[in-house]
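Enquirer: any chance you could fold what I've pasted below:
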Amino acid sequence: MFTGTELPLRPQEETECRRCEVHCDKVVYPAACVERACPFLYAYQEWGRTYVGCMQKVYAVEIDLDLLDEARGRKGGFGAVRALRQPLPMCRAEVSSCYEHRADELGCVNPEFFELPRGKPSFRVVEQSDQAA
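Expert: This next block holds a predicted model:
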């Protein structure tokens with residue numbers, strides 16, 4: 001049972017953190033899915049409108065494409081939606097924090113939560129052989 005002070009095995013895979021008074025959520029930008037032609041973006045037409053969503057259910061909302069395009073042209077753009085699943089490497093994602101003024105002097109108790117997936121590994125594995133030919 002979770003007591004509130006324990007950290008999970010892989011905190012970077014969670015989509016929300018409530019382990020301190022600062023509340024953090026991972027968010028994604030659906031407009032970036034359209035701009036990047038994400039292969040997991042689907043579209044359908046209903047009531048004369050086109051709606052888009054994520055096949056991988058990184059976010060659960062379905063968005064009116066015309067309204068998304070209209071908002072993309074304005075200052076600030078369409079904005080972010082809360083991720084329900086771990087964002088994929090191709091997602092434009094970030095961590096959104098609320099109540100940052102509640103942070104204590106020690107800072108984040110769960111810093112691994114801020115790790116986001118990257119399009120390619122941040123390290124390279126190299127094998128070295130001790131045997132001489």
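Enquirer: what are the contacting residues of stretch 40-52?
Expert: 30, 33-34, 53-56, 58, 62-66, 68, 88 (CB atoms under 8 Å, 6 or more residues apart in numbering). Heads up, the C-betas are built off the backbone N, CA and C, glycines and all.
Enquirer: out of those, list just those in strands.
Expert: The strands, defined by DSSP state E, take in 53-54, 63-64 from the contacts of stretch 40-52.
Enquirer: may I ask which of those has the most neighbours?
Expert: Highest neighbour count within the ones in strands among the contacts of stretch 40-52, by other CB atoms under 10 Å: Cys54, with 25 neighbours.
Enquirer: that residue contacts Tyr29, doesn't it?
Expert: No - using CB atoms under 8 Å, Cys54 is not in contact with Tyr29, being 11.6 Å away.
Enquirer: spatially nearest residue to Cys98 (excluding sequence neighbours)?
Expert: His23 (4.7 Å; CB to CB, 6 or more residues apart in numbering).
Enquirer: er, Gly77 I mean
Expert: Ala31 (5.7 Å).
Enquirer: wait, doesn't that neighbour sit right on Arg72?
Expert: Yes - using CB under 8 Å, Ala31 is in contact with Arg72, at 5.0 Å.
Enquirer: what do those two both touch?
Expert: With CB under 8 Å, 6+ apart as the test, Ala31 and Arg72 both reach Phe78.
Enquirer: which residues touch the residue lying closest to Tyr99 once chain neighbours are set aside?
Expert: Closest residue in space to Tyr99, ignoring its immediate chain neighbours: Val22 at 5.3 Å, by CB to CB, 6+ apart. By CB under 8 Å, 6+ apart, Val22 lies in contact with 97-100, 102-103, 108.
Enquirer: my guess is Val109 contacts Cys24. True?
Expert: No - using CB under 8 Å, Val109 is not in contact with Cys24; the gap is 10.8 Å.
Enquirer: cheers, nothing more for now.
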